[in-house]
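In: Okay, predicted coordinates and the sequence, questions at the end:
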Amino acid sequence: MPTLTRGLVAVSAGLCLLTACQSELSQPRDDVTEGDANIQVNQLGFMPDAAKAAVVPANGADRFELIDIRSGQSVFSGTLSEGRAWEHSGERVRQADFSSFTRPGRYQVRVAGLAESPEFEVREDIYRALNDAAIKAYYFNRVSTELTPEYAGDYARPAGHPDTQVEVHRSAASEARPEGTVISSPKGWYDAGDYNKYIVNSGISTYTLLAAFEHFPEYYSGRDLTIPESGDAVPDLLDETMWNLEWMLTMQDPHDGGVYHKLTTKNFSGKIMPHEADKQRYVVAKGTAAALNYAAVMATASRVYAEYEEAFPGFSRQALKSAEAAWQWAQENPDVTYRNPEDIQTGEYGDDQLSDEFAWAAAELYITTGKDDYYRVMSAPELANSTPSWSDSKGLAWMSLAHHREQLTSAADRDLIESRVTGLADELHGEWQDSPQGVAMRAEDFVWGSNGVAMNNAMMLLQGYRLSGEEGYRDAAQALLDYVLGRNPTGFSYVTQYGSQTPQHIHHRPSEADEIEAPVPGFLAGGPHSGQQDADDCPVEYPSDKPARSYLDHWCSYATNEITINWNAPLVYVSGALQVMSERD
């Protein structure tokens, strides 16, 4: 593999004397009035050794400089890249690369004729607080428990949805559990801005958090998130994830191994707090996708929690047994696709293509059990790799196989595993290099939850870096984190309360109904795309129909401003991984 070069663009840059920089950069420009356009930059900042860049409107200026906030002095200058149009925003932009600048401090980017950029820091531990908040967001979305001021601060609230009296919907009825049977299914996380719980979306979310711990256990072993379990013998990330795993266990029918698709009310709740949402809840329809997601997650959880037998006695064994039962059900019911029954109007998470779920579940069971038959049923030579999503999970199979490749049996093709992981990383790296915006976001990535796609793209780039050590993969992942933290055409850092301009009106019922001005912290908003499915429901218009600018910071915008557990999970993975990788270097 050719060596991948570091840096977003080739620039002529270096430290400069204040007087020289000022005379060079303060010349007036005839084509732009100051403030007409904004410099885009990661609003939190960078670790000293990271790739660092800002995106600048192409206004005729050729150079940029860094201004030290404390002294007001220029400490670095460089040449902007060639101006190019980014089709996803309709804007012509240039890049300011200052990767070689490593001095800790607080800075702004300055370009003649433009308003100065938001402030940002260069600091060793720059993403630790962000990573903690992205994990703790799951605590704030816990079901069946009171959030007390000790742990939730201003966001304390009464317990919502005990879920101890859940009815079996007619679509889920069986001889052993006929319609109307009452089961107990407490705990878990609210899936998104709504109050329901979905196995398919819990699958990728829970796995990604478990993978973060499995890949970087030393980092997470020492994190204190100030949750009720803090201070016990278990890392807080695993305590938080167990809250959802315990719910998932209740969604398996013990009589046949099948797994219910979701736990839900018949319709979405209104703009009310969890404890005010008291409509009857149901488990709805078993399905193949739910069974396979469950099998994959429980197989992963079995090996991750095996070291915590004293804290969770019997869980590792129980998780694996239930995973194999769900796998067996899926083998006997290979094409039971989910569709909402007529009287159920909540999120569907329907998926007609199930080969990726079979491959993912087989991979996790193979890794955990060492049974070659699971690897063989994957049909690995025919299985491609792709950025994971709730409806396309094959990338998770390759991610796990790559991490465990040295411990796999001889049935596994290690060269194939490596080529699948680095092949996808190469594609994404190429997109990053070719992008005028300097971000690996393709046209097909600007969908509902585009920020989640950005973070999953970054996560897959980091798998390439972990295998090969190629800095270009890591730099491309850094650029995607920069993108969601402010280096984008909307000017928003999309993580609530992390950045100088952040979403204030996310589509999240507790944040909208709690009468607290600021939203719950640590949530990643879905992000821009041109679908505008909620346009008829919004009292304000979208600012643009361009995919990268079609975003509304308004409660009405469930299409661009909702939060979900599966978008936060790769934010956890990426922010933690980049922090760890910097600390190791």
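Out: Sure, I can see it.
In: where's Val283, which helix or strand?
Out: strand 282-286 (DSSP states H and E).
In: now the helix or strand just after that strand and strand 282-286, what's the angle there?
Out: Per DSSP H and E, the first helix or strand lying C-terminal to strand 282-286 is helix 288-304. Inter-element angle recorded for helix 288-304 and strand 282-286: 100 degrees (by axes from the mean of the first three to the mean of the last three C-alpha atoms, to 10 degrees).
In: Dump helix 288-304 to CSV, keeping only the CA atoms.
Out: Extracted as CSV, the C-alpha positions of helix 288-304 are listed here (Å, rounded to 0.1, in the frame of the first residue of the first chain):
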residue,chain,number,x,y,z
THR,A,288,-35.3,-12.0,11.6
ALA,A,289,-33.5,-8.6,11.8
ALA,A,290,-34.3,-8.3,15.5
ALA,A,291,-33.1,-11.8,16.2
LEU,A,292,-29.9,-11.3,14.4
ASN,A,293,-29.1,-7.9,15.9
TYR,A,294,-29.8,-9.4,19.3
ALA,A,295,-27.6,-12.4,18.6
ALA,A,296,-24.7,-10.2,17.4
VAL,A,297,-24.9,-7.9,20.4
MET,A,298,-25.3,-10.7,23.0
ALA,A,299,-22.4,-12.6,21.6
THR,A,300,-20.3,-9.4,21.8
ALA,A,301,-21.5,-8.7,25.3
SER,A,302,-20.7,-12.2,26.4
ARG,A,303,-17.0,-11.8,25.7
VAL,A,304,-16.7,-8.2,26.9
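In: Output the contacting helices and strands for the helix or strand following it.
Out: Once the chain leaves helix 288-304, the next helix or strand it forms, by DSSP H and E, is helix 315-332. Judged by 3 or more C-beta pairs under 8 Å, 6 or more residues apart in numbering; DSSP states H and E, helix 315-332 is in contact with helix 236-250, helix 288-304, helix 355-369. C-betas here are computed from N, CA, C, even on glycine.
In: Determine which stretch of the ones you listed is the most buried.
Out: Per residue and on average, the most neighbours among the helices and strands packed on helix 315-332 fall to helix 288-304, with a mean of 29 (mean count of other C-beta atoms under 10 Å).
In: how many degrees apart are that helix and helix 315-332 in direction?
Out: 150 degrees.
In: next one: helix 288-304 to chain centre, how far?
Out: 19 Å (C-alpha atoms, centre = their mean, to the nearest Å).
In: Now do it: which elements does it pack against?
Out: Packed next to helix 288-304, using 3+ C-beta pairs under 8 Å, 6+ apart, are helix 199-215, helix 236-250, strand 260-264, helix 315-332, helix 355-369.
In: I'd like to know which of these is closest to Tyr551.
Out: helix 199-215 (21.9 Å; C-beta to C-beta).
In: With just CA atoms, put that closest one into PDB.
Out: Provided in PDB are the C-alpha atoms of helix 199-215 (Å, rounded to 0.1, in the frame of the first residue of the first chain):
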ATOM      1  CA  ILE A 199     -34.100  -3.800  19.100                       C
ATOM      2  CA  VAL A 200     -32.700  -3.100  15.600                       C
ATOM      3  CA  ASN A 201     -31.400   0.300  16.500                       C
ATOM      4  CA  SER A 202     -30.300  -0.800  19.900                       C
ATOM      5  CA  GLY A 203     -28.200  -3.400  18.100                       C
ATOM      6  CA  ILE A 204     -25.800  -1.100  16.300                       C
ATOM      7  CA  SER A 205     -25.800   1.400  19.200                       C
ATOM      8  CA  THR A 206     -25.000  -1.100  21.900                       C
ATOM      9  CA  TYR A 207     -22.400  -2.900  19.800                       C
ATOM     10  CA  THR A 208     -20.600   0.400  19.000                       C
ATOM     11  CA  LEU A 209     -20.300   1.300  22.700                       C
ATOM     12  CA  LEU A 210     -19.100  -2.300  23.500                       C
ATOM     13  CA  ALA A 211     -16.500  -2.000  20.600                       C
ATOM     14  CA  ALA A 212     -15.200   1.300  22.000                       C
ATOM     15  CA  PHE A 213     -14.500  -0.400  25.300                       C
ATOM     16  CA  GLU A 214     -13.200  -3.600  23.700                       C
ATOM     17  CA  HIS A 215     -10.700  -1.600  21.600                       C
END
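In: Who are the packing partners of that helix?
Out: helix 236-250, strand 260-264, helix 288-304, helix 394-403, helix 565-584.
In: So for Ile516, which of these sits nearest?
Out: That would be helix 565-584 among the helices and strands packed on helix 199-215, by C-beta to C-beta, at 19.6 Å.
In: Could you check the angle the closest one makes with helix 394-403?
Out: Using the same axes, to 10 degrees: helix 565-584 against helix 394-403 is 30 degrees.
In: Mind checking the pLDDT average for helix 565-584?
Out: Per-residue pLDDT over helix 565-584 has a mean of 96.
In: What angle do helix 236-250 and that helix make with each other?
Out: Using the same axes, to 10 degrees: helix 565-584 against helix 236-250 is 150 degrees.
In: roughly how far is helix 565-584 from the heart of the chain?
Out: Distance of helix 565-584 from its chain centroid, counting by C-alpha atoms, centre = their mean, is 9 Å.
In: same check, this time on stretch 448-461
Out: 6 Å.
In: ok so, going back, pipe the helices and strands packed on helix 199-215 into a markdown table and attach distance to Asp62 per row.
Out: Shown next, in a markdown table, are the helices and strands packed on helix 199-215 (distance: least, C-beta to C-beta, whole Å):
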| stretch | distance to Asp62 |
| --- | --- |
| helix 236-250 | 46 |
| strand 260-264 | 55 |
| helix 288-304 | 51 |
| helix 394-403 | 41 |
| helix 565-584 | 31 |
